[in-house]
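Enquirer: Give me a 3D structure for the following:
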Amino acid sequence: MSEEIMSTIDASVFGVWFLIGAALVFWMQAGFAMCEAGFTRAKNTGNIIMKNLMDFCIGTVVFILIGFGLLLGEDLMGFIGKPGFDIFTNYANFDWSNFVFNLVFCATTATIVSGSMAERTKFISYCVYSAVISAIIYPIEAHWTWGGGFLAQMGFHDFAGSTCIHMVGGISAMIGAAILGARIGKFERDASGKVIKVNAFPGHNLTAAALGVFILWLGWYGFNGAACTSIEQLGSVFVTTTIAPALATVTCMIFTWLKYGKPDVSMCLNASLAGLVAITAPCDVTDAFGAIVIGIVAGLLVCFGVWLLDYKLHIDDPVGAVAVHCLNGIWGTLAVGLFATNSAPGYSIADASGNEMVGLFYGGGFKLLGIQLVGFAAVAIWTAATITITFLVIKAVLGLRVSEEEEITGLDATEHGLASAYSGFALMDISNTLNMDVNENTDLGASDYDTASEFQKNASVPVVTAPVKTDSAIHKVVIVTKLSRYDKLRKAMNDLGVTGMTVTQVMGCGVQKGSGQKYRGVEMDVTLLPKIKLEVVVSKIPVEDVIEAAKRTLYTGKIGDGKIFVYSIDNVVKIRTGEEGVLALADAE
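Expert: Below you'll find the model as predicted:
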């Protein structure tokens, strides 16, 4: 009796965990939204949020109508499930938990595609292909593995979706991005059409991207662990789901550090996801050693994937979805055939005759690996064929891509009538102000202001407009310089007696070059640099003294230290008191 009671309790506990896991997977939609928005440009943020929202909502509609039946309906010849409407006709006996669980996984598959096609896809076209993925493409191939289809009968193993979800989403993303074409300015071509340069488009908000990655990592414990049926199996899955992404991220950090001279932040964020994708299929059948190797390979594979798409295939993938989901989905699928071990709790991989199979590196030979290859090939062919047809039909009927003008303006405004996803917030990129290396041709040969010649001083901090004597004797001095020089410049003005000044953050084009910064392995051409514009109006204080103090403070002996503009002012009016001219400046000097 006690064993029956404990069995009932265990079944209830894991039934609740099953639904909690489904909720965690749903929460991953927020992670995808933050990650994708952060890796792209601010002018498209609202569009990206809308797409991630509609992935799930549209997916729910079509999954109710047809997707759920094709996935888990009565098996028909090992290919599809029998469509049905039990959710309407027999709700009392409907498998509610299974429906919700499989729905959130289905929505994840469609979401993956969004990132690779971001910033230039028509919203209506996105809604259509998202619906097709959730209604037909994903449910049918997932039935082969999880619905009793021919792959399941062979012994193919994909515990949580490296193949059925991530590889399918990744292949769809790659084909969609290829058909759609690159964002304007991503690739520079010569007269013959050959790509001669790859340009980096840095994401506008790495903080949001990082938050998205952490949300996804948390959700992945539900993604991989929800289907576990024992505490031991759940614990093992949590261990492997932690080890693989951690090793992938460390590997990527070391690799990018060695290759590019600095550890690449965005690439390491991608590497965490790559490790999670790779461990998804074998998470329940591998041990710690297997998870370590899987993670290391994933960390290198994501770097290779980003390079491959940029420099060889010339496919524009703004968020690295192909490298993360497609390549590592394939790797995770094959890793089952290499690292599956019956020492993992709850191990249950067997062939059609019921004979247990283990991975190649654990003495199982090539049998399981061969089955995994068959599964990979079948799903890849199905996905490539169906998604290509889908995209080509949409392109012919609705068009896939927005116009050039819409793309340049941004999809927030053109597709949704949204002025900005950040209305009320002032965004200013003030990074890279302290580590900008100068062009070797800008060194003037004297780093000390007192020893520099007048020519060197004027070349470093030119005074664009000389002061003109007027009856008012009032001048406005505008100083444009590096943000990093603000504190010293402010102090110099205060020491001179100037206490009132207006400071604005601006972006300026200069002759300085970036210090070899790379974004996702692509060298960035820094043309717009963050600067400050400091404005003062003086009368009693000689304008020549202001100019000299500014030049002395800003001078470093390099061209590009700053510029000074001087204007003659006819009059100044103080609003509060009505005072004019020199009197209006009495409390600012």
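Enquirer: I'd like to know which elements the host helix or strand of Thr111 is packed against.
Expert: Secondary structure from DSSP states H and E places Thr111 in helix 96-116. The contact analysis (3 or more CB pairs under 8 Å, 6 or more residues apart in numbering; DSSP states H and E) places helix 96-116 against helix 2-39, helix 45-62, helix 68-72, helix 123-132, helix 138-146, helix 168-180, helix 321. For glycine as for every other residue, the C-beta is placed from the backbone atoms N, C-alpha and C.
Enquirer: Tell me the secondary structure of Met507, please.
Expert: strand (DSSP: H, G, I helix; E, B strand; the rest coil).
Enquirer: where does it land on pLDDT?
Expert: Per-residue confidence (pLDDT) for Met507: 75.
Enquirer: What is the burial count for it?
Expert: If you count neighbours by other CB atoms under 10 Å, Met507 ends up with 12.
Enquirer: Number the chain from 24, please
Expert: Fine by me, first position is 24 from now on; the one you just mentioned is Met530.
Enquirer: Okay, it and Tyr152: tell me how far apart.
Expert: 37 Å (CB to CB, to the nearest Å).
Enquirer: Please enumerate the helices of the stretch 474-612 of the chain.
Expert: Ranges of helices within the stretch 474-612 of the chain are 477-483, 509-519, 566-577, based on DSSP state H, counting those that start in this stretch.
Enquirer: Adding mean pLDDT, write the helices and strands packed on helix 119-139 out as CSV.
Expert: Output for these, formatted as CSV (pLDDT from 0 to 100):
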stretch, mean pLDDT
helix 25-62, 86
helix 68-85, 96
helix 91-95, 95
helix 146-155, 97
helix 161-169, 97
helix 191-203, 97
helix 344, 97
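Enquirer: Figure out which of these is closest to Asp287.
Expert: Closest approach to Asp287 among the helices and strands packed on helix 119-139 is made by helix 25-62 (12.7 Å; CB to CB).
Enquirer: can you list the weak-confidence ranges in the chain?
Expert: Low-confidence segments of the chain (pLDDT under 70): 24-33, 447-469, 487-495, 532-541, 546-552, 610-612.
Enquirer: What segments of it are strands?
Expert: 98-99, 103-104, 210-212, 218-221, 497-505, 525-532, 541-542, 545-546, 551-561, 585-592 (DSSP state E).
Enquirer: For Arg64, give me its contacts.
Expert: By CB atoms under 8 Å, 6 or more residues apart in numbering, the contact set of Arg64 is Glu142, Phe224, Gly226, His227, Gly433.
Enquirer: Most tightly packed of the helices and strands packed on helix 119-139?
Expert: Highest mean neighbour count of the helices and strands packed on helix 119-139: helix 344, a mean of 33 (counted as mean count of other CB atoms under 10 Å).
Enquirer: So which elements touch that helix?
Expert: Secondary structure elements in contact with helix 344, counted by 3+ CB pairs under 8 Å, 6+ apart, are helix 119-139, helix 191-203.
Enquirer: one more time with 7 Å
Expert: Contacts defined by 3 or more CB pairs under 7 Å, 6 or more residues apart in numbering; DSSP states H and E place helix 344 against helix 119-139.
Enquirer: Show me which pair in the contacts of Arg64 is furthest apart.
Expert: Within the contacts of Arg64, Gly226 and Gly433 form the most distant pair, 14.6 Å apart (CB to CB).
Enquirer: sorry, back to before: okay, the helix holding Thr134 in CSV with CA atoms only?
Expert: C-alpha atoms of helix 119-139 as CSV (Å, rounded to 0.1, in the frame of the first residue of the first chain):
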residue,chain,number,x,y,z
TRP,A,119,-4.6,19.3,-21.3
SER,A,120,-1.1,19.1,-19.9
ASN,A,121,0.4,17.5,-23.1
PHE,A,122,-1.3,20.2,-25.2
VAL,A,123,0.2,23.1,-23.3
PHE,A,124,3.6,21.4,-23.1
ASN,A,125,3.9,20.8,-26.8
LEU,A,126,2.4,24.2,-27.6
VAL,A,127,5.2,26.1,-25.9
PHE,A,128,7.8,24.0,-27.7
CYS,A,129,6.1,24.6,-31.0
ALA,A,130,6.2,28.4,-30.5
THR,A,131,9.9,28.2,-29.7
THR,A,132,10.6,26.7,-33.2
ALA,A,133,9.0,29.7,-34.9
THR,A,134,10.7,32.2,-32.7
ILE,A,135,14.2,31.1,-33.8
VAL,A,136,13.5,32.2,-37.3
SER,A,137,12.7,35.8,-36.3
GLY,A,138,16.3,36.7,-35.3
SER,A,139,17.9,35.8,-38.6
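Enquirer: mind listing what's buried in it?
Expert: Burial within helix 119-139, assessed by neighbour count using 16 or more other CB atoms under 10 Å, is assigned to 122-139.
Enquirer: What about the nearest residue in space to Ser470 that is not next to it in sequence, how many residues nearby?
Expert: Counting by CB to CB, 6 or more residues apart in numbering, the nearest residue to Ser470 once its immediate chain neighbours are dropped is Gly580, at 3.8 Å. Gly580: 20 surrounding residues under other CB under 10 Å.
Enquirer: I figured Gly580 was touching Ala482, is that so?
Expert: No. Gly580 lies out of contact with Ala482 (CB atoms under 7 Å); the separation is 9.6 Å.
Enquirer: most tightly surrounded among the helices of the stretch 474-612 of the chain?
Expert: helix 566-577 (a mean of 19).
Enquirer: Pull the distance from it to the chain's centre.
Expert: 45 Å (CA atoms, centre = their mean, to the nearest Å).
Enquirer: likewise stretch 177-187?
Expert: Centre-to-centre, stretch 177-187 and its host chain are 26 Å apart (CA atoms, centre = their mean).
Enquirer: swap in stretch 35-55?
Expert: Per CA atoms, centre = their mean, the centroid offset for stretch 35-55 relative to its chain is 23 Å.
Enquirer: Contacts only, for Ile207.
Expert: Ile207 makes contacts with Glu427, Glu430, Ile431, as judged by CB atoms under 7 Å, 6 or more residues apart in numbering.
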